[in-house]
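S.K.: I need the structure of the sequence given here:
(one chain, ligands or ions: 1)
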Amino acid sequence: MRTPIVAGNWKLNGTRESAVKLATEVVAGATDAAVEVIVCPVYVHLAEVQQMLQEGQVKLGAQDAAAQESGAFTGEVSAPMLAEYGCGYVILGHSERRSLFGDSDEVVVEKFLAVQKAGLTPILCVGEQLDERESGVTEAVVGRQLGALLERAGADVLENAVVAYEPVWAIGTGKTATPQQAQDVHAFIRQKVGEHNADVAAGLRILYGGSVKPGNAAELFGMTDIDGGLIGGAALDSQDFLAICQAASGT
Ligand code: PEP
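M.R.: All right, here's what the predicted structure looks like:
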C-alpha cells in the first residue's frame with residue numbers, strides 16, 4: 001500500500017504575507033493522515049512557511065536545489081541549507097528548470113544525489129513535450145530522463161524518492177492527460193524501475209502533474225499506478241488544493 005502524496009508547487013508566486021496565509025489555510029484543512037501533503041514555496045518564504053507548518057502534518061519542500069554543497073556558486077541554494085529550514089522534499093528536473101534554465105538529465109541526477117546526501121527526498125520530474133508525444137516518443141523521452149538516474153546510481157536510490165510524471169504540454173495549459181494516458185506512462189515508469197529492482201518499483205510513489213484540478217483529480221488518482229499529484233496553479237488556492245488532497249485520500 002503506497003500512501004498518496006499531493007505536493008503543491010507554488011512556483012514564483014506570492015508575497016511573504018500571501019505565502020503565510022496560504023500555508024496557514026492548508027495546514028488547517030489538511031488533517032487527513034491518509035494523504036501526505038507537501039507545500040513548496042520559493043526559497044525566501046521557506047522560513048516563515050516552516051513556522052506555519054509546526055503544528056500540523058503538512059510537510060515542507062523546495063522547488064530546486066544546487067548540485068553543489070557550498071562554494072563559488074552565486075545565486076544557488078544547497079540541499080544542506082534546505083534541510084536546515086526543515087525541508088523534507090525537493091522538486092528536481094521540473095520542466096521549467098529543464099527548458100528555461102538548462103537543467104540537463106545529468107545535472108538533474110547530480111542534484112538528485114546531492115539532495116539525498118543531505119537526507120532529503122527528491123521529487124524527480126519527468127515528462128515529454130507536445131511534439132514528442134505527437135511523434136510517438138513519449139516512452140523514449142521519459143525512459144531517457146529516468147535512465148540517466150538508473151544508469152548512474154541504480155534503482156535503489158528510488159527507495160527514498162518520488163517520481164512525478166508531468167507531460168509538459170499539460171503544465172499550466174488547462175490541458176490534462178486523460179487518466180489512461182497518464183496511467184500508461186506511470187505503468188511504464190514502474191516497469192522500467194522494476195527491471196532493476198521489483199521491490200523498489202512496487203513501493204515507488206509516482207505522481208501525476210499537469211493541470212490537475214478538483215474536478216479531474218479523483219479520476220486521475222483512481223488509476224492503478226497514480227499515487228497522487230504535483231499541483232501548480234490549483235495549489236495557489238487553498239480550497240482547490242485541499243479538495244485535490246481530499247480526492248487523493250483512500251486511493
Ligand atoms: C507544475 O507546475 O508542476 C504543474 C503541474 O502546474 P499546473 O498544475 O498548473 O499544470
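S.K.: you'd agree Gly229 is in a helix?
M.R.: No: Gly229 is assigned strand when assessed by DSSP: H, G, I helix; E, B strand; the rest coil, not a helix.
S.K.: How about it: what's its closest non-neighbour residue?
M.R.: Closest residue to Gly229 apart from its sequence neighbours, by CB to CB, 6 or more residues apart in numbering: Val212 at 4.6 Å. Quick note: C-beta positions are derived from backbone N, CA and C, even for glycine.
S.K.: Give me the phi and psi angles of the one you found.
M.R.: phi -70, psi 130 (degrees, to the nearest 10).
S.K.: Pick out the residue of the stretch 101-250 of the chain closest to the ligand.
M.R.: At 2.1 Å from the ligand, Gly232 is the closest residue in the stretch 101-250 of the chain, using CB to the nearest ligand atom.
S.K.: Give the burial count for that residue, as a bare number.
M.R.: Using other CB atoms under 10 Å, Gly232 has 21 neighbouring residues.
S.K.: On the pLDDT front, check it for me.
M.R.: The per-residue pLDDT reported for Gly232 equals 98.
S.K.: Surely it is in contact with Thr173?
M.R.: No: between Gly232 and Thr173 there is no contact, the gap being 10.3 Å when judged by CB atoms under 8 Å.
S.K.: Could you tell me which residues touch both of the two?
M.R.: Common neighbours of Gly232 and Thr173, counting by CB atoms under 8 Å, 6 or more residues apart in numbering, are absent.
S.K.: Over to the residue of the chain most remote from its centre: give its phi and psi.
M.R.: In the chain, Ala72 marks the outermost C-alpha relative to the chain mean, sitting 28.0 Å out by CA atoms, centre = their mean. Main-chain dihedrals, Ala72, degrees, to the nearest 10: phi -80, psi 70.
S.K.: now swap in the one 5 residues further on and tell me
M.R.: Torsion angles at Val77 (phi, psi; degrees, to the nearest 10) stand at phi -130, psi 130.
S.K.: Now do the buried residues in the helix or strand Lys21 falls within.
M.R.: Taking DSSP states H and E as the definition, Lys21 sits inside helix 16-29. Applying a neighbour-count criterion of 16 or more other CB atoms under 10 Å, one finds 19-20, 22-27, 29 buried in helix 16-29.
S.K.: just stretch 136-154 next, same as before
M.R.: Here stretch 136-154 shows 138-139, 141-143, 145-146, 148-150 as buried, counting by 16+ other CB under 10 Å.
S.K.: do stretch 59-77 as well
M.R.: 59-67, 77.
S.K.: How about the secondary structure of Gly215?
M.R.: Applying three-state DSSP: Gly215 is helix.
S.K.: Just the pLDDT at the nearest residue to Leu230 once chain neighbours are set aside, thanks.
M.R.: Distances taken as CB to CB, 6+ apart put Gly209 closest to Leu230, at 3.4 Å, once the chain neighbours are dropped. We have a pLDDT of 98 for Gly209.
S.K.: Please give me every residue in contact with Gly209.
M.R.: Per CB under 8 Å, 6+ apart, neighbours of Gly209: 9, 125, 127, 164-166, 170-171, 229-232.
S.K.: distance of it from Leu220?
M.R.: Per CB to CB, to the nearest Å, Gly209 is found 10 Å from Leu220.
S.K.: which residues do those two both contact?
M.R.: Gly229.
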